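K.L.:
got a sequence here, can you build the structure:
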Amino acid sequence: MAEQTAPPGTPRAQRPAAPARPRTCAEPPAGAGHTGPPGPAAGAPPGIPAASPSDAAVIRDSLGVGLAVGLSGFAFGMTSVGAGLDLLQTCLLSLLVFTGASQFALVGALAAGGNPFTAAAGAFFLGTRNAFYGLRLSQLLALPRAVRPVAAHWVIDETTAVALAQPDRRTARLGFTVTGLTLYVLWNLTTLLGGLGAEALGDTGAWGLDAAGPAAFLALLAPMLRTATERAVAGLAVVVGLGLLPVLPAGVPVLAAALTAPAVLWARGRRTGKDGPR
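P.N.:
This is a model prediction of the structure:
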């Protein structure tokens, strides 16, 4: 089509507009060159990633873990007093040791008539796992030096699990603190109440409460056995412990059973090396 032109002298406002130039394939549409960052996800508050859990959810989960595990302090208080420790010794164990598996191992060995040093050695060996937890949490939490001694006392299975489940450092600190505080307060309170109850009942064996410690320990251990290797270690430890119980002093079979873990790992490593590529 020929281009339309206005006669000379026609005002500019009355002149026909020039037709739009066709866009070629090489030219991008308007706005196509924008490469700025995408906006926040729908429904996410500004500045907060949509995947981050809210503080309320972290606190809720941490309180749930603290309340569920803290109630087992009743069993420890009754088992400890039933094993021959007085109420003050029982409460000091929870205040100063604060690791349920080691506490149950100690009073369990004492209840069976074991040597106190052997019982303490078994409890110490069982509690060394917390040192490995501390190595991981020290990098994750990066707490100020002033609060590290207090935080180290709270490095146990439950606080480690809650902290490692969080997506960032801030929520990891929150989960660790809430779980540790809840569990520490409730564990010591229920230890006191359990010890008072055992003193009021007298002979805990007559009520069948002497089995409360091992039962609580197994309840804590069972959910951790997720892989075939872990179940093999647990099964072999039971066989070794029960097999040595009639011939060794109380407390020593526990130490011998603990040696099954490196034995199983060594055997697994050898088998993996043989089956691997050459």
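
K.L.:
please count neighbours and contacts with C-alpha atoms only from this point.
P.N.:
Will do.

K.L.:
show the average pLDDT along the helix or strand where G195 lies.
P.N.:
If you go by DSSP states H and E, G195 is part of helix 169-201. Across helix 169-201, pLDDT averages out at 93.

K.L.:
helices or strands next to that helix in the packing?
P.N.:
Contact analysis of helix 169-201 by 3 or more CA pairs under 8 Å, 6 or more residues apart in numbering; DSSP states H and E lists helix 55-70, helix 73-82, helix 87-96, helix 129-141, helix 157-164 as its packing neighbours.

K.L.:
buried ones in that helix?
P.N.:
Under the neighbour-count criterion of 16 or more other CA atoms under 10 Å, helix 169-201 has 171-184, 186-199 buried.

K.L.:
show me the shaky parts of the stretch 101-250 of the chain.
P.N.:
203-221, 224, 250 (pLDDT under 70).

K.L.:
rerun that using 80 as the cut-off
P.N.:
Along the stretch 101-250 of the chain, the model assigns pLDDT under 80 to residues 111-114, 122, 201-224, 249-250.

K.L.:
okay, the angle between the helix holding G195 and helix 87-96?
P.N.:
170 degrees (axes from the mean of the first three to the mean of the last three CA atoms, to 10 degrees).

K.L.:
helix 169-201 to helix 73-82, inter-axis angle?
P.N.:
Using the same axes, to 10 degrees: helix 169-201 against helix 73-82 is 40 degrees.

K.L.:
what's the angle from helix 169-201 to helix 55-70?
P.N.:
Using the same axes, to 10 degrees, helix 169-201 lies at 30 degrees relative to helix 55-70.

K.L.:
and the residue nearest the centre of the chain, how far from L137?
P.N.:
Central residue of the chain (CA atoms, centre = their mean): A161, 0.6 Å from the mean position. Distance, A161 to L137, using CA to CA, to the nearest Å: 10 Å.

K.L.:
over to G114?
P.N.:
In terms of CA to CA, G114 sits 35 Å off from L137.

K.L.:
ditto for L265
P.N.:
Applying CA to CA to L265 and L137 gives a distance of 25 Å.

K.L.:
those two: who's more crowded?
P.N.:
L137 (22 against 15; other CA atoms under 10 Å).

K.L.:
pull the contacting residues for that one.
P.N.:
Listed by CA atoms under 8 Å, 6 or more residues apart in numbering, the contact set of L137 reads T160, A163.

K.L.:
check the one 4 residues further on too.
P.N.:
Residues in contact with L141 (CA under 8 Å, 6+ apart) are R169, A172, R173.

K.L.:
which of these sits closest to R145?
P.N.:
Checking the contacts of L141 against R145 by CA to CA gives R173 as the nearest, at 14.4 Å.

K.L.:
state the distance from the closest one to G64.
P.N.:
17 Å.

K.L.:
what's the answer for G108, then?
P.N.:
According to CA to CA, G108 and G64 sit 27 Å apart.

K.L.:
more neighbours: which of these two?
P.N.:
Taking neighbours as other CA under 10 Å, G108 and G64 compare with G108 leading, 25 against 15.
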